[in-house]
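Participant: Okay, here's the prediction I keep looking at, along with the sequence it came from:
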Amino acid sequence: MPELAEVEVARRNVARWWEGREAAEVIVHDAKVAGGDAAALERALRTRVASVDRRGKHLIVRLERGGALMFHFRMTGKIVSSPTPEPRFARLAWRVPGADWLVFKDQRRLGEVLVFGPGEVDAHEPIAQMGPEPYGLTGEDLSGLFGESRRRVKDLLLDQRVIAGVGNIAVSELFWRVGITPEARAHTVDAALLAALAAEMPAYFDWLVAGQMADEIMYMGEAEGAGAENPFDVYAREGEPCPRCGAEIERVVFGGRSTYHCPACQPK
DNA sequence: TCGGTTGTTATTGT
DNA sequence: GACAATAACAACCG
C-alpha cells in the first residue's frame, strides 16, 4: 500500500536505474495498464528520461522533448529491477541498457500508467488539484488547509486535494505520535496539536523512507515468514500493548478503513 | 464462505 | 451544499 514514503523509495530507485536512458525493449504483459494505447506507451518508454519526480503518491517520469509518464501504484503496484521480464504479477516490462529489466508489478491490477504529451502532466486533474506536500508546514498552515471543515481530521488528511501523500497507515501512526484521537473533528483540534501534527509529518515520512529504502519494497502483508516485520507502532497491532504506555491498542473503523490507536495516549 | 487488506472514485443517503 | 457511508475496482490470504 504505497503512500508517500513508498513512492519516494520507488522514485529514488527508478531515478538510479533509468534517468538519462531509454528502454531498448518493451513488453506489455497486461493491456489494461496501457490504457488502450500500447503503442503510445511503448513510444514513451523508448524516449530518454530527463528526471524522475514524485508528487503525492504519484511517480512522474519526465521525458526528453517534454512528455511524461505517470505511474500510480494504487494498492499493490510497484516497480522492481529484475533479471527477467516476467516475475510474478508483471504487467509491463522494459529493458534499460546498463541495467536489468524494469518491471511494473501489480498483483491486484488497480494501478495505472498514463502517457502525457508536453505540458500535460501538470494539468492532469489529480496533480493540478493536489494539496501541498506535507513538508515545511506549520500548524497555522494546516488550520488554513482545513478551513471551517467539520469533517474528521482523518478524512481531511486522506483527501489528496487538501494535503498530498498521506495514506491510511500514516494517519494511525501520526495520530499516535501526536496524541490525536481518531474521531477528532478538524474544527475542534487545538492549535498546539495541529502544530505538533505539522511537525511530525516530515519526521514520520523521513523515518519511513530511511527504513524502507531497498531495491524492492515490501508492503504490509507481503513476505510474511520472510522476516519482514510490521515496522509500525500501532498500525495492525490491535490488542497489543502500546509501545509508550502499555495500554491495549484498539481498532476503530470509519468508512470501511481501520484506524489503530492507544485509548490512553489518544484520549477523546 | 466470509472478512479484511491497500487508494480512489462513483453513487447513494442523511 | 456539507458530510458520510458503501460498493466497486482485483486479487489474495487466512
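Facilitator: Nice, I can see it.
Participant: For DNA strand C, what is the nearest residue in the stretch 1-150 of chain A?
Facilitator: A:Arg108 (3.2 Å; C-beta to the nearest atom of the strand). Every C-beta, even on glycine, is put in place using the N, C-alpha and C of the backbone.
Participant: With A:Ala128 as the reference, measure out to the residue nearest to that residue when sequence neighbours are not counted.
Facilitator: Nearest residue to A:Arg108 in three dimensions, chain neighbours excluded: A:Thr76, at 4.7 Å (C-beta to C-beta, 6 or more residues apart in numbering). Look at A:Thr76 and A:Ala128: by C-beta to C-beta, to the nearest Å, they are 26 Å apart.
Participant: out of the two, which sits in the more crowded spot?
Facilitator: Neighbour comparison, A:Thr76 and A:Ala128: the larger count goes to A:Thr76, with 18 against 10 (by other C-beta atoms under 10 Å).
Participant: in the stretch 151-268 of chain A, which ranges drop under the pLDDT threshold?
Facilitator: Within the stretch 151-268 of chain A, the segments meeting pLDDT under 70 span A:221, A:223-228.
Participant: Spell out the residue ranges of the strands in it.
Facilitator: Counting by DSSP state E, counting those that start in this stretch, the stretch 151-268 of chain A has strands at residues A:250-254, A:257-261.
Participant: show me what contacts whatever residue of the stretch 101-250 of chain A ends up closest to DNA strand B?
Facilitator: Among the residues of the stretch 101-250 of chain A, A:Gly167 lies closest to DNA strand B, at 2.4 Å counting by C-beta to the nearest atom of the strand. Contact analysis of A:Gly167 by C-beta atoms under 8 Å, 6 or more residues apart in numbering lists A:Met1, A:Pro2, A:Glu3, A:Leu4, A:Lys57, A:Leu158.
Participant: which of the residues you listed sit farthest apart?
Facilitator: Distance extremes for those: the farthest pair is A:Pro2 and A:Leu158 at 14.1 Å, using C-beta to C-beta.
Participant: quick one, which of these two is more surrounded?
Facilitator: A:Pro2 (24 against 19).
Participant: So that one is in contact with A:Gly56, correct?
Facilitator: No: in this structure A:Pro2 lies outside contact range of A:Gly56 using C-beta atoms under 8 Å: 10.7 Å.
Participant: Can I take it that A:Val61 is in a helix?
Facilitator: No: counting by DSSP: H, G, I helix; E, B strand; the rest coil, A:Val61 is not found in a helix; it is strand.
Participant: Look up which residues are beta-bridged to it.
Facilitator: Note on A:Val61: beta-bridge partners by DSSP bridges are A:Val52, A:Leu69.
Participant: CA atoms only for stretch A:97-109 - export them in PDB, please.
Facilitator: In PDB, the C-alpha atoms belonging to stretch A:97-109 read as follows (Å, rounded to 0.1, in the frame of the first residue of the first chain):
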ATOM      1  CA  PRO A  97      20.700  -0.600 -21.300                       C
ATOM      2  CA  GLY A  98      23.200  -0.800 -18.500                       C
ATOM      3  CA  ALA A  99      20.500  -2.000 -16.100                       C
ATOM      4  CA  ASP A 100      18.300  -5.000 -15.600                       C
ATOM      5  CA  TRP A 101      14.700  -5.200 -16.800                       C
ATOM      6  CA  LEU A 102      12.400  -2.800 -15.000                       C
ATOM      7  CA  VAL A 103       9.100  -4.300 -14.200                       C
ATOM      8  CA  PHE A 104       5.800  -2.800 -13.200                       C
ATOM      9  CA  LYS A 105       4.200  -5.400 -11.000                       C
ATOM     10  CA  ASP A 106       0.700  -5.200  -9.700                       C
ATOM     11  CA  GLN A 107      -1.000  -8.100  -8.100                       C
ATOM     12  CA  ARG A 108      -4.400  -6.600  -8.000                       C
ATOM     13  CA  ARG A 109      -4.200  -4.600 -11.200                       C
END
